[in-house]
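Novice: From the sequence below, what's the structure:
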Amino acid sequence: MKKIAELLSNFPVQVDVDQTMESLLENPSIRAFVVKHDLTHAQILASMNSFLTYLEEQSKCNDCTSLLECHLSHPGMTPQLFMQGQVVSLEYVPCKHNVGQKKSFKIDALYIPKKVFEADLSDMDMISQTRRDIYQFILQFLNKYKKGEVVKGLYLSGLYGTGKTYILACIANEVAKLDKEVIFAYYPDLVREMKSSIGVGGLEERISRLKTIPVLILDDIGGESPSAFIRDEVLGPILQHRVLDQLPTFFSSNIPMIGLIESMVVSTSVSEKAKAARIHSRIKDLATEIQMSEKPLRTT
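Specialist: Next up, the predicted model:
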């Protein structure tokens, strides 16, 4: 195929314009676009500049391996042909490298390793019926959620090393692909931060955000030191708000859901157990529990 510069230099000559058209149609993307929209010779001629620009910009994208290597005038974007009336125009959309960046911007990972962004649902191990059930649950959740339907989250319980965090990371990334914001927090560290915020400001803002974020994921709940204040003034209001607004909430824990009652009491009083039981009830309203036992083949 001729270089763009050569094609443009000969553009004024009619015979070379026809040759340019033939060269353009050798490009699979352009040919498919022309066929899809049933473009006439006149329309192709009127849109020549858009096609030439697309071809030149696309060639740069084909050789690009990361955002750092982007040579386009719109870094992180890639050209796309579209019809504007009877003429072909160009628009720029996030490229395959930029889509990953955009996805990460949707996830507020609190005290979670950045490798959470590498988790992919397609890589989830299917070594047991339990994991296959979890996979099906996730697919059903995503299908209903993107339709705007009310749907419960998951409470994954099981011993350390069973892959709970990886599965939650897959969910976070899939939700981010739907252009929805997610907070993915390691709960024991989140509790420590909130305790340190008492009296110095910022606690109410954090609680408000946890209440209203479209999707909330709390990893290792029950692994924190018991605190009546956190249970009653922080976690309780967050969960209650999410129950009332029917916002998807996910959890993981080393202990079964019912065990949270004992893990969140700070004394043996009846009132303490009642307060802890209310947390259990709210979590039960928000999430379906699946207990895990087998360790995955994949390590995270």
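Novice: partner residues bridging the closest residue to residue 257 other than its chain neighbours?
Specialist: Spatially, and ignoring its direct neighbours in sequence, residue 257 is nearest to residue 289 (4.8 Å; Cβ to Cβ, 6 or more residues apart in numbering). For every residue, glycine as well, the C-beta is placed using N, CA and C. On the basis of DSSP bridges, residue 289 is bridged to residue 155.
Novice: Find me the pLDDT at residue 289, would you?
Specialist: Note for residue 289: predicted pLDDT of 98.
Novice: just residue 219 next, same as before
Specialist: 97.
Novice: Count the neighbours of it for me.
Specialist: 26 (other Cβ atoms under 10 Å).
Novice: My guess is it contacts residue 168. True?
Specialist: Yes: applying Cβ atoms under 8 Å, one finds residue 219 in contact with residue 168, separated by 5.9 Å.
Novice: Common neighbours of these two, please.
Specialist: Taking Cβ atoms under 8 Å, 6 or more residues apart in numbering as the criterion, residue 219 and residue 168 both touch 184, 252.
Novice: ok, now which ones touch residue 258?
Specialist: Going by Cβ under 8 Å, 6+ apart, the list of residues near residue 258 reads residue 280.
Novice: do you know how far residue 53 is from residue 90?
Specialist: In this view, residue 53 and residue 90 are 6 Å apart by Cβ to Cβ, to the nearest Å.
Novice: actually residue 221, not the one I typed
Specialist: Distance from residue 221 to residue 90, by Cβ to Cβ: 49 Å.
Novice: Between those two, which is the more surrounded one?
Specialist: Between residue 221 and residue 90, residue 221 has the larger neighbour count (other Cβ under 10 Å), namely 26 against 16.
Novice: Could you find the closest non-adjacent residue to the more buried one?
Specialist: Counting by Cβ to Cβ, 6+ apart, the residue nearest residue 221 is residue 187, at 4.7 Å.
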